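# Pasting the sequence and the predicted model now:
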Amino acid sequence: MILSLTESIIALGRLVFGVFTALGRMVIFIITTLSHIFRPPFYPKEFASAVMNVGYLSLPVVGLTAIFTGAALALQIYSGGSRFNAPEVVPQIVAIGMVRELGPVLAGLMISARVTSSITAELATMKVTEQIDALITLSTVPLKYLVLPRVLAGFLVGPILVGVADSVGILGGFLVATLTLGFNSSTYILDTINFLTSADIISSMAKGAAFGFIATLMGCYYGLNSGRGALGVGMATKSSVQAAAVLILAANFLLTAVFFTA
């Protein structure tokens, strides 16, 4: 009994130690990466390529996810509101639901699914094939050449993708409400505009920046710290997407508490 309790305490201690060790390495990675922002040389081509990959190429999946979510949300709110004789709340609830929560979270999760996995696989493969060692041999800092452009692109493009998700999601609700539920289009648009506040939009953009930063950072971190071989690349890719998704949901809760807890 005593031996079993001791082993349990040792296992718990190892787990806690491992968690804090991983957090410490991640914090050091973040600080080291950000320390290169204003140091030359700069790599505009890498940054432009990262913007294209993170932003433009993510638009289809973000847009499709948002429009179907907004449409389904309108149907659900209309059905639920009808039980309380208040189906007219559809435009207001769709707007606030998409802008405050669903738009940012869906965009963040889609970025983590598409971009985080892509970055991790790319950097992990470069590590396995010793391309990163070659960059170091050529006096190129991997964090500055490979990580910083991607992280900055995620941070800057994230709010744009969230804005697209918000707008397209509201459009999906608008189409369902006006084409199938009998809402007047002008009234629906006015209700949406009048109900949203600047705080809603600011919080949505802030979440987009945070989620884009997290998604790209996790991809770079796990890519550069992957194991060797095909198994290492696969494990790093899986771990990066899981970590990005969990951190995005946790950050969403914290940012919601900051912006809307009075």
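Noted; the coordinates are in hand. Since we're looking at a predicted model, the values are computed, not measured.
# Run a quick neighbour tally on Ser79.
When neighbours are defined as other C-beta atoms under 10 Å, Ser79 has 12 of them. Yep, even glycine has a C-beta here, placed from its N, CA and C like the rest.
# Quick check: which element contains it?
helix 59-83 (DSSP states H and E).
# so what's Phe183 up against?
90-91, 177 (C-beta atoms under 8 Å, 6 or more residues apart in numbering).
# So it: helix, strand or coil?
coil (DSSP: H, G, I helix; E, B strand; the rest coil).
# for it, phi and psi?
The phi/psi pair for Phe183 (degrees, to the nearest 10) reads phi -80, psi 150.
# now it: how far from Gly172?
Distance of Phe183 to Gly172, given as C-beta to C-beta, to the nearest Å: 13 Å.
# One more: Leu123?
35 Å.
# Compare the two (neighbour count), which wins?
Leu123 (27 against 23).
# tell me the contacts of that one?
132, 146, 219-220, 223-224, 226.
# Could you identify the least confident member of these?
The lowest pLDDT within the contacts of Leu123 belongs to Ser226, with 84.
# so it, which of the three states?
coil.
# Any idea how many residues pack against it?
Ser226 has 25 neighbouring residues, counting by other C-beta under 10 Å.
# what does Thr197 give?
There are 11 residues near Thr197, going by other C-beta under 10 Å.
# on that earlier part again, restricting to C-alpha, output the helix or strand just after the helix holding Ser79 in CSV.
Later in the chain than helix 59-83, the nearest helix or strand by DSSP H and E is helix 90-97. Provided in CSV are the C-alpha atoms of helix 90-97 (Å, rounded to 0.1, in the frame of the first residue of the first chain):
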residue,chain,number,x,y,z
VAL,A,90,-32.6,35.6,-35.0
PRO,A,91,-30.6,38.5,-36.5
GLN,A,92,-29.3,39.8,-33.1
ILE,A,93,-28.3,36.4,-31.8
VAL,A,94,-26.7,35.3,-35.0
ALA,A,95,-24.7,38.5,-35.1
ILE,A,96,-23.5,38.4,-31.6
GLY,A,97,-22.9,34.7,-31.6
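# on contacts alone, who are the packing partners of helix 90-97?
When contacts are defined as 3 or more C-beta pairs under 8 Å, 6 or more residues apart in numbering; DSSP states H and E, helix 90-97 sits against helix 59-83, helix 148-179, helix 185-195.
# helices and strands around the shortest one, which ones?
Identification of packing neighbours for helix 185-195 by 3+ C-beta pairs under 8 Å, 6+ apart yields helix 90-97, helix 148-179.
# tilt between the first one and helix 185-195?
Going by axes from the mean of the first three to the mean of the last three C-alpha atoms, to 10 degrees, helix 90-97 is angled at 40 degrees with respect to helix 185-195.
# Tell me the buried residues in helix 90-97?
Counting neighbours by 16 or more other C-beta atoms under 10 Å, one finds that the buried residues in helix 90-97 are 90-97.
# Put together TSV for the helices and strands packed on helix 185-195, with distance to Ala206 and mean pLDDT on each row.
Below are the helices and strands packed on helix 185-195 laid out as TSV (distance: least, C-beta to C-beta, whole Å; pLDDT from 0 to 100):
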stretch	distance to Ala206	mean pLDDT
helix 90-97	16	90
helix 148-179	8	94
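# tell me the contacts of Asp200?
Asp200 makes contacts with 96, 99-100, as judged by C-beta under 8 Å, 6+ apart.
# after the helix or strand containing it, next one along is what?
For Asp200, the element it lies in under DSSP H and E is helix 198-224. Following helix 198-224 in sequence order, the next helix or strand is helix 229-260 (DSSP H and E).
# Which strands or helices does that next one pack on?
For helix 229-260, the packing partners by 3+ C-beta pairs under 8 Å, 6+ apart come out as helix 103-111, helix 117-128, helix 198-224.
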